[in-house]
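Asks: just coords:
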């Protein structure tokens, strides 16, 4: 006999989670001196109507993408989770585009992780894969820098990237369209062009270096000890 399995009773727990969202909403503060990375994710979400397949590397941009790109459909979020696989996002986006040629695919990557697999620009040009690359460029290994600042007495070590390639020139060297944006107005102007282009595009978004991901849990701490739950 095949026994029918009763669906788990989740209504109470889901209601509790809904209350938490009301009590502890995600937040960030706009800074007049630069572009907030969270806002960049929201801008990409808006222009894609929340319907893109999004692949990420690992780090702050990964967390911001998880928080601020609210998907309309399941099975559109590709990330390596907690494995710490820097360089994962761009090749994963290529695979997703090949598997779903008619879908909008976005690789949201950091300036550190992207440099580990950027040579795959040759693949998207060769196959004319319309992957859109959004570099959340804070000139740092952002998550490492955040931990060093908050948990290690601001002893910054090897987490600031003083030297990096000109990503727009790099894209051009592969015959791929590239943009550099420094503020919200420029990104608002550029993004419709980016997603209207029937081919690969790279966008180097220069964001605030000191911006942090919240909430976060320090090593050895419990969920009830989150940092930065409220502004």
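Replies: Ah, there it is. Worth saying up front: this structure is predicted, and the values here are computed from it rather than measured.
Asks: measure residue 124 to residue 163 for me?
Replies: Distance, residue 124 to residue 163, by Cβ to Cβ, to the nearest Å: 25 Å. All C-beta atoms are positioned from the backbone trio N, CA, C, and that covers glycine.
Asks: which one of those two has more residues nearby?
Replies: residue 124 (25 against 5; other Cβ atoms under 10 Å).
Asks: quick one, helices of the chain?
Replies: 11-23, 37-48, 60-68, 89-99, 111-117, 121-126, 142-151, 167-173, 184-196 (DSSP state H).
Asks: among these, which is nearest residue 202?
Replies: With Cβ to Cβ, the closest approach to residue 202 among these belongs to helix 167-173: 4.1 Å.
Asks: Can you name every helix or strand that the closest one contacts?
Replies: Packed against helix 167-173 by the contact rule (3 or more Cβ pairs under 8 Å, 6 or more residues apart in numbering; DSSP states H and E) you find strand 177-181, strand 201-206.
Asks: Tell me the buried residues in that helix?
Replies: Using 16 or more other Cβ atoms under 10 Å as the test for burial, helix 167-173 gives 167-168, 170-171.
Asks: next one: stretch 175-194
Replies: For stretch 175-194, by 16+ other Cβ under 10 Å, it's 176, 178-181, 186-187, 190-191, 194.
Asks: okay, these in JSON lines with pLDDT next?
Replies: Shown next, in JSON lines, are these (pLDDT from 0 to 100):
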{"residue": "176", "pLDDT": "98"}
{"residue": "178", "pLDDT": "98"}
{"residue": "179", "pLDDT": "98"}
{"residue": "180", "pLDDT": "98"}
{"residue": "181", "pLDDT": "98"}
{"residue": "186", "pLDDT": "97"}
{"residue": "187", "pLDDT": "97"}
{"residue": "190", "pLDDT": "98"}
{"residue": "191", "pLDDT": "98"}
{"residue": "194", "pLDDT": "98"}
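Asks: State the number of residues packed around residue 121.
Replies: Residue 121 sits with 24 neighbouring residues when counted by other Cβ under 10 Å.
Asks: Run through this structure and note the low-pLDDT ranges.
Replies: For the chain, applying pLDDT under 70 flags the ranges 1-2.
Asks: Leaving out chain neighbours, which residue sits closest to residue 200?
Replies: With sequence-adjacent residues excluded and distances taken as Cβ to Cβ, 6 or more residues apart in numbering, residue 200 is closest to residue 124, at 4.2 Å.
Asks: Tell me which residues touch the one you found, please.
Replies: Applying Cβ atoms under 8 Å, 6 or more residues apart in numbering, we find residue 124 in contact with 94, 97, 131, 176, 200.
Asks: Return the member of those residues nearest to residue 227.
Replies: Nearest member of those to residue 227, counting by Cβ to Cβ, is residue 131, at 34.4 Å.
Asks: returning to what we had before: could you identify the most distant pair in the contacts of residue 124?
Replies: Spatially, the most separated pair among the contacts of residue 124 is 97 and 176, at 13.8 Å (Cβ to Cβ).
Asks: so residue 200 makes contact with residue 126?
Replies: No - Residue 200 is beyond contact range of residue 126, at 10.2 Å (criterion: Cβ atoms under 8 Å).
Asks: Who has more neighbours out of these two?
Replies: Neighbours around residue 200 and residue 126, counted as other Cβ under 10 Å, are more numerous at residue 200. The numbers are 27 against 10.
Asks: What residues of stretch 42-60 count as buried?
Replies: Within stretch 42-60, the residues that qualify as buried are 42-45, 47-48, 52-60, counting by 16+ other Cβ under 10 Å.
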